[in-house]
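*Asks:* no sequence on this one, just coordinates:
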């Protein structure tokens, strides 16, 4: 293992599977101690064990990011287990698509809750901890730049048919990012955003049939028709949908010391796709 993030403590939501798992593995490979989160205990523990097997440090905080008590429990896990908090990656999420006239209130609020309210609560809960740590750094003559990376989407930047709820939430997280970059700069926190294009996970991969996943007690249709997926990939300048590891690389860029003076930015990780 290398050590660009040696001694750092990172929170990564939705890190038992997919993109979040790759982010957690990447940060841990650079020395960060990571708090893993997933809806289900089994994938969370599997990621924890994978990190430990590679020589890293990780612990799990299982549960839905939308639960009212989750944010305090998540932040509290970092403090109790590792006595610090340096990196927050708000990654957890899913899609629940429909055209606006067929989108009900439950679908609307589900997307707002997971993509916007949950990050808001986590960052609100983290603020007193970060403020105290920043004050201690100043008093000790240390300069430690902490990082927040929020996850958006090209749908949040350009819109996407059938995703009014998802696009609205993902646009909102961009505004939250820019605001916190201004509020938290005085605490030496760089706040940035990564907007993903097509990244191949269990939620967006090829699905010939009606495939569903259990998410927060709901059966949500996942996957993309193979023909449509192929057509989508042909519009990407680099010629393919991204892998979770490629997605994790974009988040990693905002976590390392080389990006300490970059804040309030949204980076597109989309294979060159600049619109939908």
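*Replies:* Sure thing, it's come through. Every value quoted in this text rests on a predicted model; they were computed, and no experiment measured them.

*Asks:* ranges for the strands of the stretch 51-200 of the chain?
*Replies:* 57-60, 87-90, 146-153, 189-196 (DSSP state E, counting those that start in this stretch).

*Asks:* I'd like those strands laid out as a markdown table, including mean pLDDT and distance to residue 81.
*Replies:* (Glycine included, C-beta is placed from N, CA and C.) Formatted as a markdown table, these follow (pLDDT from 0 to 100; distance: least, CB to CB, whole Å):
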| stretch | mean pLDDT | distance to residue 81 |
| --- | --- | --- |
| strand 57-60 | 98 | 5 |
| strand 87-90 | 99 | 14 |
| strand 146-153 | 98 | 17 |
| strand 189-196 | 98 | 21 |
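
*Asks:* Could I get these in TSV, plus columns for mean neighbour count and distance to residue 177?
*Replies:* Converted to TSV, the strands of the stretch 51-200 of the chain look like this (neighbours: other CB atoms under 10 Å; distance: least, CB to CB, whole Å):
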stretch	mean neighbour count	distance to residue 177
strand 57-60	20	26
strand 87-90	27	9
strand 146-153	27	5
strand 189-196	25	4
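
*Asks:* Of all these, which one is nearest residue 77?
*Replies:* strand 57-60 (6.6 Å; CB to CB).

*Asks:* State the distance from the residue nearest to residue 154 when sequence neighbours are not counted to residue 178.
*Replies:* Spatially, and ignoring its direct neighbours in sequence, residue 154 is nearest to residue 197 (4.9 Å; CB to CB, 6 or more residues apart in numbering). Distance of residue 197 to residue 178, computed by CB to CB, to the nearest Å: 21 Å.

*Asks:* what do you get for residue 217?
*Replies:* For residue 217, the distance to residue 178 - CB to CB - is 33 Å.

*Asks:* Who has more neighbours out of the two?
*Replies:* residue 178 (16 against 7; other CB atoms under 10 Å).

*Asks:* If we ignore the residues flanking it in sequence, what's nearest the more buried one?
*Replies:* Residue 178 sits nearest to residue 264 (CB to CB, 6+ apart), 5.1 Å away.

*Asks:* hang on, the one you found packs against residue 184?
*Replies:* No: Residue 264 is not in contact with residue 184 according to CB atoms under 8 Å; the separation is 10.1 Å.

*Asks:* Comparing the two, which residue is more hemmed in?
*Replies:* residue 184 (21 against 16).

*Asks:* Next up, phi/psi of residue 266, please.
*Replies:* The phi/psi pair for residue 266 (degrees, to the nearest 10) reads phi -120, psi 120.

*Asks:* whoops, residue 198 was the one
*Replies:* phi -80, psi 110.

*Asks:* For it, which residues are in contact?
*Replies:* Listed by CB atoms under 8 Å, 6 or more residues apart in numbering, the contact set of residue 198 reads 204, 232, 233, 236, 241, 242, 270, 271, 273.

*Asks:* Are we agreed that the fourth one is in a helix?
*Replies:* No: checked against DSSP: H, G, I helix; E, B strand; the rest coil, residue 236 lies outside a helix; its state is coil.
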